[in-house]
Every structure is written in structure tokens, then in C-alpha cells.
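In: The sequence isn't on hand, but the structure is:
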Ligand SMILES: Nc1ncnc2c1ncn2[C@@H]1O[C@H](COP(=O)(O)OP(=O)(O)OP(=O)(O)O)[C@@H](O)[C@H]1O
């Protein structure tokens with residue numbers, strides 16, 4: 001919101017863009033207070049014109065900051081006037097601290113052109129309609145990013161994990177998000193998850209034609225469930241195109257922080273980040289998002305939107321679960337604890353450098369269900385050779401389905417991993433095999449943030465078709481490692497000139513841990529420990545963002 005002085009009695013707008021609507025209305029609580037309103041394609045200028053206050057500052061609201069405008073009749077049936085309210089969330093200086101954050105500003109006016117209540121309501125509706133129309137026009141121009149708009153009026157399934165973060169997601173929804181959705185005219189159904197995998201099962205079976213977006217208010221773990229639930233559907237190709245939205249309610253909130261960062265805003269934490277993500281959701285712009293397929297030797301195939309981690313980062317993520325009550329600070333506590341007992345992890349790492357790869361988008365036709373089954377699921381499992389009845393019947397059912405050209409029940413589907421060969425075979429010749437076998441961590445990122453305050457991959461964007469691979473070689477001192485993690489807050493860790501950290505942009509990778517025990521995480525969730533390989537699939541999903 002800008003504040004500009006104007007000449008007494010002046011009623012013209014900024015003079016920069018064409019005036020779309022002009023009108024004079026009163027305050028809602030005092031009809032003696034009059035305002036002139038001037039709407040252009042870019043902003044709404046509000047100026048008090050009451051004689052006693054003439055010459056006061058005028059307020060200019062940028063329509064880019066507007067999430068909605070509504071017209072309505074007053075509660076009093078004898079009132080012939082009508083009303084309209086516009087809802088803005090401009091960046092404003094924080095109270096008692098530096099920096100800016102989005103803050104809510106409502107502008108409500110009373111319309112009384114004459115004694116005809118219908119004419120008054122029509123005028124209010126015209127203002128609301130026009131403000132909504134021009135607010136929706138604003139689309140950022142970012143190279144290589146194509147935005148579309150969520151269908152209007154928008155119907156959203158909002159999935160909320162009540163136990164995520166410090167267990168306050170529902171309270172935060174009630175205090176911060178509910179009102180915003182109403183202001184933006186978004187129709188939503190709130191689903192509170194009851195158990196692990198509830199969201200995954202729900203989206204696997206849901207009639208997606210009922211929803212224009214699936215929004216997750218939780219940590220990254222619940223979105224991971226939703227992505228994989230969508231990819232397990234027979235119609236995965238269209239299902240995964242359902243726009244996804246993220247509202248930070250967890251402790252990591254890496255995707256939410258990344259989305260906020262991609263919009264070009266200063267870093268925000270906690271409720272301020274939530275308000276920013278709520279605002280982006282209400283604006284409803286959608287862009288493509290890369291997914292990475294993760295394949296394990298235990299025949300797991302998963303789709304990941306955030307990260308694959310082994311070593312220090314994965315250990316901190318899992319071990320710090322017990323400090324959940326401190327919220328986002330759990331990672332700091334976990335990092336300090338693990339630093340105190342720093343470990344070296346043995347393994348082999350290989351990758352396909354980005355410049356070597358044929359762009360996977362040009363080379364990834366959908367995987368025929370039978371081909372997938374042949375390559376991954378129908379290999380005899382240890383369980384089946386142990387005469388496990390459930391697995392035997394399951395495998396034979398799957399084999400029958402494979403012969404019929406159907407995918408096995410519950411099997412992840414998705415595009416073919418054209419850059420990968422089976423884990424039992426050596427990596428292709430154009431891959432780079434890392435010489436070292438002793439690591440402190442391996443971290444593959446495909447979003448900028450690892451948590452709200454850790455910008456692990458500052459160069460990453462939503463749809464760059466890249467995996468940003470970092471590894472830290474053994475031999476790094478505790479102090480140097482701590483310095484790297486502190487620099488990660490601003491994404492300046494590569495400027496630390498640490499000889500132990502390596503960063504490469506890749507399209508696929510393989511990791512074979514040699515240490516008998518360890519932790520591998522995907523999007524912060526535990527993966528079966530063992531050899532794993534991954535390939536990026538550019539723009540496979542869609543995300544509400546700017
Ligand atoms: N009602 C529930 N009860 C128990 N677990 C749940 C429930 N709903 C979801 N989950 C699971 O809880 C796990 C953690 O969820 P989520 O990632 O949303 O929160 P978080 O761990 O606090 O956040 P972050 O990933 O940002 O740290 C996920 O594996 C999810 O499947």
C-alpha cells in the first residue's frame with residue numbers, strides 16, 4: 001500500500017494507466033465520511049473527500065496484492081444501501097522489527113446512488129466484479145515459466161495433518177487461512193487426516209473432477225503422500241496434473257519456503273510464511289513442477305518433489321523427530337547433536353551430469369504397465385521364495401495382470417525412467433562415478449529450500465529439470481561443517497570455499513551405501529535403506545505458486 005499526498009479536491013488517479021471505474025461512496029459506519037474511488041487496471045486509489053479532511057493522504061492499493069472483492073446487502077432490511085469489500089495483503093513494515101511481511105487490509109464502502117436498493121447492489125457488484133477481474137490479470141513475467149490460472153470459482157480439497165509441526169496446523173488454519181479462502185471466494189472441503197497414508201489412499205480413490213486443486217496444510221510429508229497417491233492411480237497422467245497447493249503447517253516446510261523464495265520475496269518464517277503462501281494460493285497461478293522418480297533395490301518406486309538425503313542430513317531429519325515440540329528449531333538442535341558425534345558414511349555415488357543428458361522430457365513416454373511390471377515388480381522377491389502366501393498370491397495376480405497389460409494393484413505408475421538401467425547393472429558409460437567412497441552427506445535437491453531457514457540449493461527452480469546434487473567428503477572438520485550449515489541459511493555455502501563440498505547439476509544419480517546401517521530419506525520421509533537411483537521428470541506435476 002502506497003501513501004501519497006495529493007492536492008485538495010484532486011480526484012484523478014495515478015495518471016499512469018487508464019481509469020476503469022470512478023465513484024464516490026461513504027464509509028460503512030459513518031455516511032458523513034465520503035471517499036472517492038478510482039480504479040485503474042493496476043490499482044485502486046482511495047481518497048477521503050469530506051471537507052474537514054480534504055487534503056489528507058490518499059491510499060493506493062496495488063491490485064497485485066488483492067485476493068478478492070465481494071458485494072453484499074447490509075443486515076438491516078430498511079437500509080437501501082449496498083456494500084463492497086476489497087481484501088488486500090500488501091507487504092508492510094513489521095511492527096517493532098525490521099523487514100516487511102504481508103498484512104491484511106480490508107477496504108469496505110457503502111454505495112447509495114439513490115433510493116433503489118437493487119440499483120445500489122448492482123453498482124456494488126460491478127465494482128466487486130471489476131476489481132476481481134483486474135486483480136486476476138496480474139501475472140509475473142519469469143523467463144521459462146508459463147503460468148495458468150486455477151479454474152474459477154475454485155473448489156479445493158484441503159488436507160490437513162493435525163499432528164504436523166507442533167500440532168497447531170488446525171489452529172493456524174482457523175486463525176489465518178479460513179478467512180483468506182472466503183475472501184478469495186475459494187470453496188473448500190477440509191479433510192483432517194486421521195492416520196499415516198490416509199491422504200494417499202484418499203487421493204488414490206478420489207473423483208478428481210470435483211476438485212480444481214488439492215491443497216496440503218502440513219509439512220512436506222503429507223504432500224509426499226498426495227503426490228504418490230496420485231501417481232498410483234490408473235489415470236496418473238491426468239491426475240498428477242491436478243494443481244497442488246502447499247500451506248506450511250509442519251516443522252520443515254521446505255516446499256512452502258521454496259515457493260515463497262521463487263516469488264522473489266524476502267525470507268519469512270512461521271505464520272508470516274503461512275500468510276504469504278495463503279496469499280499465493282488465493283491468487284491461484286499454477287506452474288509446472290519437476291518430480292523425481294526414486295527406485296530402490298527392494299522394488300519401491302516413489303515420486304519425490306523435494307530431496308533425497310543420505311548421511312548427516314537424513315540422520316538429523318529422522319533423529320530430530322524427538323524435538324518436534326520446538327517446531328522448526330528441531331533441525332538446529334538435531335544438527336548440533338549430530339555434529340557432536342560426526343560420522344562418516346561409506347558408499348558409492350554416480351550421476352549423469354546435466355550437460356551429458358538427453359533432456360528427459362524428450363524421451364519419457366508413459367511407462368506401459370506391462371513394461372514396468374517386467375522391469376521391477378515381477379522379479380522373484382525374497383518373500384515369495386520364503387513361501388509367503390500373501391506375496392505369492394500377490395505376485396501371481398500381478399503376473400496375470402501384467403500378461404493382460406494392466407499394472408499391478410497399488411503399484412506406482414508414471415513415466416519411464418529412460419536414463420536409468422536396472423540397479424544390478426553398472427551405470428551407463430556417460431555417467432560420472434565419484435572417486436571417493438567416504439562421505440559425510442549426500443544431498444540431492446530439486447527445490448531451493450531444505451527447511452524454512454535452509455536454502456540448500458539457491459539455484460534450483462520449480463521446473464529447471466535438474467537435480468542439484470551436493471556431497472560432502474569425509475575429512476571435513478566440525479567447525480567447517482557448522483560454517484557450511486550456518487551459511488546455508490542465506491544459501492551462501494558454496495561461497496565458503498570449502499574443499500570438501502562438491503556441487504553438480506545432474507539429471508539422474510545412483511547411490512549405493514556400503515555402511516551396513518543408515519538412513520535414507522525422500523522428502524523427509526524414510527526410504528528402505530539400500531541402493532537407490534533417481535531420475536528427474538521435468539514438469540510432471542503442477543503447483544500453485546508465483
Ligand atoms: N493424522 C495423522 N496421524 C499420524 N500421522 C499422520 C497423520 N496425518 C499424516 N500423518 C503422517 O505424518 C508424517 C509427518 O507429516 P508432515 O510431514 O505433514 O508433518 P511434519 O513432519 O511435522 O512436517 P515436516 O515434514 O515439515 O517436518 C507423514 O508421514 C504423514 O503421512
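Out: Received, thanks. Computed from a predicted structure; not experimentally measured.

In: Which residue is it, in the stretch 301-450 of the chain, that comes closest to the ligand?
Out: Taking C-beta to the nearest ligand atom, the ligand has its nearest neighbour within the stretch 301-450 of the chain at residue 324, 6.6 Å off. For every residue, glycine as well, the C-beta is placed using N, CA and C.

In: Tell me how many other residues crowd whichever residue of the chain sits closest to the ligand.
Out: For the chain, the residue closest to the ligand is residue 219, as judged by C-beta to the nearest ligand atom, at 1.7 Å. Using other C-beta atoms under 10 Å, residue 219 has 27 other residues around it.

In: returning to what we had before: can I assume the residue of the stretch 301-450 of the chain closest to the ligand sits in a helix?
Out: Yes: assessed with DSSP: H, G, I helix; E, B strand; the rest coil, residue 324 lies in a helix.

In: Pull the number of nearby residues for the nearest residue to it once chain neighbours are set aside.
Out: Leaving out its chain neighbours, the residue that sits closest to residue 324 by C-beta to C-beta, 6 or more residues apart in numbering is residue 330, at 5.8 Å. Here the number of neighbours of residue 330 (other C-beta under 10 Å) works out to 23.

In: Was I right to think the residue of the stretch 301-450 of the chain closest to the ligand contacts residue 250?
Out: No: proximity of residue 324 to residue 250 does not meet the contact threshold set by C-beta atoms under 8 Å, at 9.5 Å.

In: Look at the two and report which has more neighbours.
Out: Legend: neighbour count by other C-beta under 10 Å for residue 324 and residue 250, higher for residue 250 (30 against 15).

In: re the thing from before, got phi/psi on the residue of the chain closest to the ligand?
Out: Main-chain torsions, residue 219, degrees, to the nearest 10: phi -90, psi -170.

In: isn't it right next to residue 253, touching?
Out: Yes: using C-beta under 8 Å, residue 219 and residue 253 qualify as a contacting pair, with a distance of 6.4 Å.

In: Which neighbours do those two have in common?
Out: residue 165 (C-beta atoms under 8 Å, 6 or more residues apart in numbering).

In: give me the element the nearest residue to residue 248 once chain neighbours are set aside is part of.
Out: For residue 248, ignoring the flanking residues on the chain, the nearest one in space by C-beta to C-beta, 6+ apart is residue 256 at 3.7 Å. Assigned by DSSP states H and E, residue 256 belongs to helix 254-262.

In: Just confirm residue 101 contacts residue 95, I think it does.
Out: No: Residue 101 is beyond contact range of residue 95, at 9.8 Å (criterion: C-beta under 8 Å).

In: Neighbour count for these two, which is higher?
Out: Counted by other C-beta under 10 Å, residue 101 and residue 95 do not tie: residue 101 has more neighbours, with 20 against 7.

In: mind listing what the nearest residue to residue 513 once chain neighbours are set aside touches?
Out: In this structure, residue 513 finds its nearest non-sequential neighbour in residue 347, 4.2 Å apart by C-beta to C-beta, 6+ apart. Going by C-beta under 8 Å, 6+ apart, residue 347 touches 310, 437, 439, 442, 511, 512, 513, 514, 515.

In: Neighbours of the residue nearest to residue 123 when sequence neighbours are not counted, how many?
Out: Leaving aside its sequence neighbours, residue 123 sits nearest to residue 111 (C-beta to C-beta, 6+ apart; 5.0 Å). A count of neighbours around residue 111, defined by other C-beta under 10 Å, yields 23.

In: Run through the bridge partners of residue 111.
Out: Under the criterion DSSP bridges, residue 111 forms beta bridges with residue 82.

In: Next to the ligand, which bits of the chain? Give me the list.
Out: Residues of the chain lying near the ligand by C-beta under 6 Å from any ligand atom: 161-165, 193-196, 198, 218-222, 225, 250-253, 524-525.

In: which among those end up buried?
Out: 161-165, 193, 198, 218-222, 225, 250-253, 524-525 (16 or more other C-beta atoms under 10 Å).

In: Just the ones of these in strands?
Out: Among those, the ones falling in strands (DSSP state E) are 218, 525.

In: helices or strands up against the helix holding residue 256?
Out: When contacts are defined as 3 or more C-beta pairs under 8 Å, 6 or more residues apart in numbering; DSSP states H and E, helix 254-262 sits against helix 220-231, strand 244-248, helix 270-283.

In: would you list those in a markdown table and tack on distance to residue 477 and mean pLDDT?
Out: Shown next, in a markdown table, are the helices and strands packed on helix 254-262 (distance: least, C-beta to C-beta, whole Å; pLDDT from 0 to 100):
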| stretch | distance to residue 477 | mean pLDDT |
| --- | --- | --- |
| helix 220-231 | 31 | 97 |
| strand 244-248 | 34 | 97 |
| helix 270-283 | 33 | 94 |
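
In: nearest to residue 336, of those?
Out: helix 270-283 (20.8 Å; C-beta to C-beta).

In: Would you mind listing the buried residues in the closest one?
Out: 272, 273, 274, 275, 276, 277, 278, 279, 280, 281, 282, 283.

In: as a whole number, average confidence for the biggest helix by length in the chain?
Out: Assignment by DSSP state H gives helix 117-137 as the longest helix of the chain. Across helix 117-137, the average pLDDT comes to 95.

In: What lies in contact with the helix or strand following that helix?
Out: Later in the chain than helix 117-137, the nearest helix or strand by DSSP H and E is strand 148-149. The contact list for strand 148-149 (C-beta under 8 Å, 6+ apart) reads 136, 284, 285, 286, 287.

In: strand partners of strand 148-149, parallel vs antiparallel please.
Out: Paired strands of strand 148-149, defined by DSSP bridges, are strand 285-296 (antiparallel).

In: now the strand it pairs with against helix 220-231, angle please.
Out: The directions of strand 285-296 and helix 220-231 differ by 80 degrees, with axes from the mean of the first three to the mean of the last three C-alpha atoms, to 10 degrees as the criterion.

In: Need the per-residue pLDDT for residue 175.
Out: Residue 175 is given a pLDDT of 96.

In: List the contacts of residue 333.
Out: Counting by C-beta under 8 Å, 6+ apart, residue 333 has contacts 320, 323, 326.

In: List the buried residues in stretch 168-188.
Out: 169-170, 172-173, 176-177, 180-181, 183-186, 188.

In: Ramachandran coordinates for the residue nearest to residue 324?
Out: phi -60, psi -30.

In: Look up how far residue 339 lies from it.
Out: Applying C-beta to C-beta, to the nearest Å, the value for residue 330 to residue 339 is 15 Å.
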